[in-house]
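[1] Show me how the following folds:
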Amino acid sequence: MSFKAEVSVGDLLTFAGLLVASIGLFLTLASMRRANRQKRAEFIIGLQSSLFSDPDMMAIYYEIEYGQFAYDGTFHGSLKERQLDKLLGLFENIAKLWAMGNLKLDDVRLIAYEYVVVYQDPEVSSYIAFLDEWFDRRGMRIRPFDAFRSLGTVLVKRFSS
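    Numbers count the residues shown, from 1 in each chain. Here you go, the predicted structure:
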């Protein structure tokens, strides 16, 4: 049995065409990844900007950051409750986007400090524990701000010492 190695001009052109198509596909994928990363960065910066430009969220955030926030008998029905719910809602949405894979952990890094400050605050934890009981009493099988808590755990492991 003998093999004769012959390469025709057509074979060379087919190979060249496949090579060019492969390079084009690789460049397209690299460009798409870059554009996707840019979009995620723009999105998280937009969310960060909405936090920093909202006076309600910033007011409650600074109380939490400076240890002045108290979850007490005057909290329910107050402006502070609405402010905290707004802040937790923003972080919950970020966490849901992360859980769906629309944001990566490195994207969330841009807002990780603020997120962890709120997540680790014992008074905020007390409020969330109250909400857990509130939901349980109403027969709800979901936990409020569950995505917020899940991402908070990950951020503490990843970015805290």
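
[2] Figure out the helix or strand that Ala30 lives in.
    Using DSSP states H and E, Ala30 sits within helix 9-53.

[3] Kindly apply the preceding question to Arg149 instead.
    Using DSSP H and E, Arg149 falls in helix 146-159.

[4] rewinding a little: which helices and strands does the helix holding Ala30 pack with?
    helix 55-65, helix 79-99, helix 105-108 (3 or more Cβ pairs under 8 Å, 6 or more residues apart in numbering; DSSP states H and E). Heads up, the C-betas are built off the backbone N, CA and C, glycines and all.

[5] need those helices in TSV with mean pLDDT and mean neighbour count, can you?
    Listed next are these as TSV, based on pLDDT from 0 to 100; neighbours: other Cβ atoms under 10 Å:
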stretch	mean pLDDT	mean neighbour count
helix 55-65	97	17
helix 79-99	96	18
helix 105-108	90	17
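
[6] Now distance to Thr14 too, for those helices, in TSV please.
    Below are those laid out as TSV (distance: least, Cβ to Cβ, whole Å):
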stretch	distance to Thr14
helix 55-65	60
helix 79-99	44
helix 105-108	41
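
[7] Let me know which of the ones you listed is the nearest to Glu42.
    helix 105-108 (10.2 Å; Cβ to Cβ).

[8] and that closest one, how far from the chain's centre?
    Remark: helix 105-108 is offset 6 Å from the chain centroid, using Cα atoms, centre = their mean, to the nearest Å.
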